[in-house]
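Visitor: Sequence and computational prediction follow.
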Number of protein chains: 2
Amino acid sequence: MISPYGMEIVENCLTCKLRAERLFCDLPPAALQSFEEIKFTTAYPEGATLFVERQEPRGIFVICRGSVKLSVSAPNGKVMIVKIAEPGEVLGLSATVSGRPYEVTAETLDPCQVNFVKREDFLRFLKNDVQVCFKVAQQLSEKYHNVCNEIRALGLSHSAAEKLAKLLLEWTAKNGESAKTEPRIKLRLTHEEIAQMIGTSRETVTRLLADLKKHEILNARGSTLVIRNQAALREIANSN
Amino acid sequence: MISPYGMEIVENCLTCKLRAERLFCDLPPAALQSFEEIKFTTAYPEGATLFVERQEPRGIFVICRGSVKLSVSAPNGKVMIVKIAEPGEVLGLSATVSGRPYEVTAETLDPCQVNFVKREDFLRFLKNDVQVCFKVAQQLSEKYHNVCNEIRALGLSHSAAEKLAKLLLEWTAKNGESAKTEPRIKLRLTHEEIAQMIGTSRETVTRLLADLKKHEILNARGSTLVIRNQAALREIANSN
DNA sequence: TGGGCGTTGTGACCGCAGTCACATTGGCCT
DNA sequence: AGGCCAATGTGACTGCGGTCACAACGCCCA
């Protein structure tokens, strides 16, 4: 088995151990078999670009391993990170289904393993099986739901502090750390990138994090953040 | 035929003249027939609430006539208008498919005619017909696409002027007026509501519109806006 | 026709955060 | 160890736009 970029490749979706947890991977065996036949398994290094905004949709990308940064950009070069996609997620789905250009740019943050399916193959696959089609509809609903939350966080909060607090809480929740008394989160993004996620400037992020540390709400150990006062953070997130 | 709120009710989707233009209404006759059997046609007055954010999904609402304001709100009461939905659009689709609560609140701006389908009926309808299911996936993609644009407009522009200009241009484009030398748009929202669409304050909208009039980019005739210098408006929308 | 209320217009003030400029740190590669 | 570059930290300045407070319409209806 070839292992580029220090990963082991999962060759077969039928035997993939992660399958049960993933919405899209969890298909009836027959469907999975035909998925097997149209998918291309590929590996990407860190920093690779899967597709770019406004490009004609070539097909879908299912993340098996690694995480992928999704961003939109303005003509002036300003960038906004929409989300960090994790294994099991399907990228380029809505573009592939609707035929419109990709809405976002997808760039790997780690070495990634990805299953690619060409648009025509995928559409055939869809139209062949109601169950698959329904799964896709569910995935799309999920995505829509996420983007709505994004809008809510972006549009309904005035201060940058509020947005940062929301982001940190979201991260702790995603890692299942929120139940702990002192949740930890591993920072995988630079201040610059965090700034792009909440629509503010790099300096502001630095300053806000420093503030949180000063007030003993946060605590940094290397690139790991320790949340020492989750209640206070929630306070900030919902303030005003 | 009953005509509440001064509308004529379209009783039958099979004979609806608007059918061909609408993505979701344009189904094969057999599917349309079974849709007929599960839909409830209802009429709402202006200002009626179809559903509210965070409510358990009861089903979908297809707009036949009138327009509907979709908004999200924060616990503090701050409101953001996500979009104005027009006839042919399906509301509550993603919530109904995924089973998650409605993401937005839907409130009629006019007297509206709406086809409602209960969640269980709709899911059965979906799973019975790949074509229907695929249409739904396309609709969801469409919605996702729109929300992404929303995020782009919200997150990637710094000045309120930029966002307002974008909104005005979008409206002229939607009305098919953008080709004319002096496009007109009928203002159906108050300054307050416009402010909620672009995430700013009512006063700022008033001031910005006044500025545009002063610079002879805009011109108001009652509640109709005349765009006298579309190029300049585009300039503002893409500035910086 | 005159209230009455929702909408629009305008001034004054001020705080958040963007921007620029530079110092400092830390990690990585040779 | 040393050097290099990206990432982080910090101060000073400034302007956009939020907020408050009122004035002036404009429209509907009794």
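Guide: Ah, there it is.

Visitor: Which positions in chain A make contact with DNA strand C?
Guide: By the rule C-beta under 7 Å from any atom of the strand, the part of chain A lying against DNA strand C is A:H158, A:S159, A:A160, A:A161, A:G199, A:T200, A:S201, A:E203, A:T204, A:G222. From N, CA and C alone the C-beta is placed, and that goes for glycine too.

Visitor: Give me the buried subset of the residues you listed.
Guide: Neighbour counting with 16 or more other C-beta atoms under 10 Å in any protein chain shown marks A:A160, A:A161, A:G199, A:T200, A:T204 as buried within the residues of chain A next to DNA strand C.

Visitor: Those: which two are farthest apart?
Guide: Of all pairs drawn from those, the greatest distance, 13.0 Å, lies between A:A161 and A:G199 (C-beta to C-beta).

Visitor: Pull up the distance across stretch A:43-51, start to finish.
Guide: The stretch stretch A:43-51 measures 14 Å between its terminal residues, going by C-alpha to C-alpha, to the nearest Å.

Visitor: got the contact list for it?
Guide: Stretch A:43-51 is contacted from outside by A:4-5, A:7, A:9, A:58, A:61, A:66, A:68, A:91-92, A:102, A:105-114, using C-beta atoms under 8 Å, 6 or more residues apart in numbering or on different chains.

Visitor: now, which of these lie within strands?
Guide: Among these, the members falling in strands are A:F61, A:V68, A:L91, A:T105, A:A106, A:E107, A:T108, A:C112, A:Q113, A:V114 (criterion: DSSP state E).

Visitor: Excluding sequence neighbours, find me the nearest residue to the residue positioned nearest the centre of chain A.
Guide: Centroid-nearest residue in chain A: A:A85, 1.7 Å away (criterion: C-alpha atoms, centre = their mean). With C-beta to C-beta, 6 or more residues apart in numbering or on different chains as the criterion, A:A85 has its nearest non-adjacent residue at 4.4 Å, and that residue is A:V68.

Visitor: Look up which residues are beta-bridged to the one you found.
Guide: Residues in a beta bridge with A:V68, per DSSP bridges, are A:A85, A:T108.

Visitor: What strand or helix carries A:I63?
Guide: Secondary structure from DSSP states H and E places A:I63 in strand A:59-65.

Visitor: Provide the strand pairings for that strand, with the direction of each partner.
Guide: Here the strand partners of strand A:59-65, with direction, are listed using DSSP bridges: strand A:90-91 (antiparallel), strand A:112-118 (antiparallel).

Visitor: If you count residues, where's the longest helix of chain A?
Guide: With DSSP state H applied, the helix covering the greatest number of residues in chain A is identified as helix A:130-155.

Visitor: tell me what the helix or strand that it is followed by is packed against?
Guide: Using DSSP H and E, the helix or strand that follows helix A:130-155 towards the C-terminus is helix A:160-174. Using 3 or more C-beta pairs under 8 Å, 6 or more residues apart in numbering or on different chains; DSSP states H and E as the contact criterion, the secondary-structure elements in contact with helix A:160-174 are helix A:130-155, strand A:184-186, helix A:191-198, helix A:202-214, strand A:224-227, helix A:230-238.

Visitor: Next one: the fifth one, is it in contact with DNA strand D?
Guide: It stands for strand A:224-227. No. In terms of C-beta under 7 Å from any atom of the strand, no part of strand A:224-227 sits within range of DNA strand D; the closest distance is 10.9 Å.

Visitor: List the neighbouring strands of that strand plus their orientation.
Guide: Sheet pairing for strand A:224-227, using DSSP bridges, gives strand A:184-186 (antiparallel), strand A:218-221 (antiparallel).

Visitor: Outside of the last one itself, list whatever touches it.
Guide: Taking contacts as C-beta under 8 Å, 6+ apart, the residues outside strand A:218-221 that touch it are A:L168, A:L209, A:L212, A:K213, A:L225, A:V226, A:I227, A:R228, A:L233.

Visitor: Just the buried residues of that strand, please?
Guide: Going by neighbour count (16+ other C-beta under 10 Å), the buried part of strand A:218-221 is A:L218.

Visitor: Quick one: mean pLDDT over it.
Guide: Predicted confidence along strand A:218-221 averages 90 (mean pLDDT).

Visitor: Output that strand as PDB, nothing but the C-alphas.
Guide: Extracted in PDB, the C-alpha atoms of strand A:218-221 (Å, rounded to 0.1, in the frame of the first residue of the first chain):
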ATOM      1  CA  LEU A 218      -7.900  31.800  29.000                       C
ATOM      2  CA  ASN A 219      -4.500  30.300  29.400                       C
ATOM      3  CA  ALA A 220      -2.100  29.300  26.800                       C
ATOM      4  CA  ARG A 221       0.300  26.400  26.900                       C
END
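
Visitor: Look at A:I81 and give its secondary structure.
Guide: Reducing the assignment at A:I81 to three states with DSSP: H, G, I helix; E, B strand; the rest coil gives strand.

Visitor: Measure how buried the closest residue to A:L91 other than its chain neighbours is and give me the count.
Guide: If the residues on either side of it in the chain are set aside, A:L91 comes closest to A:F61, at 4.3 Å by C-beta to C-beta, 6+ apart. The burial count assigned to A:F61 is 25, neighbours taken as other C-beta atoms under 10 Å in any protein chain shown.

Visitor: State the distance from the residue nearest to A:H191 when sequence neighbours are not counted to B:C13.
Guide: Among residues not flanking A:H191 along the chain, A:V205 sits closest, at 4.4 Å (C-beta to C-beta, 6+ apart). Counting by C-beta to C-beta, to the nearest Å, the gap from A:V205 to B:C13 is 52 Å.

Visitor: Compare the two and say which is more crowded by neighbours.
Guide: With other C-beta under 10 Å as the criterion, A:V205 and B:C13 differ in neighbour count, and A:V205 comes out ahead with 23 against 20.

Visitor: Can you tell me how far that one is from chain B?
Guide: Separation of A:V205 from chain B (C-beta to the nearest C-beta, to the nearest Å): 15 Å.

Visitor: Could you report the neighbour count for A:A210?
Guide: Other residues within reach of A:A210, judged by other C-beta under 10 Å, total 12.

Visitor: Quick check, pLDDT for it.
Guide: pLDDT, A:A210: 96.

Visitor: And the one 4 residues further on, by the same measure?
Guide: The per-residue pLDDT reported for A:K214 equals 94.

Visitor: still on that earlier bit, and the strands paired with strand A:224-227: which comes nearest B:A179?
Guide: Using C-beta to C-beta as the measure, strand A:184-186 is the one of the strands paired with strand A:224-227 that comes nearest B:A179, at 51.3 Å.

Visitor: Check whether the closest one comes into contact with DNA strand D.
Guide: No. Strand A:184-186 does not reach DNA strand D (C-beta under 7 Å from any atom of the strand); its nearest approach is 12.2 Å.

Visitor: contact partners of that strand?
Guide: Contact partners of strand A:184-186, identified using C-beta under 8 Å, 6+ apart, comprise A:L168, A:W171, A:T172, A:N175, A:E177, A:S223, A:T224, A:L225, A:V226, A:I227.

Visitor: How about stretch A:66-84?
Guide: Applying C-beta under 8 Å, 6+ apart, the set of residues contacting stretch A:66-84 is A:7, A:44, A:50, A:53, A:85-87, A:89, A:91, A:103-114, A:146-147, A:150, A:188-189, A:193, A:196-197, A:199, B:148, B:151-152, B:155-157, B:238, B:240.
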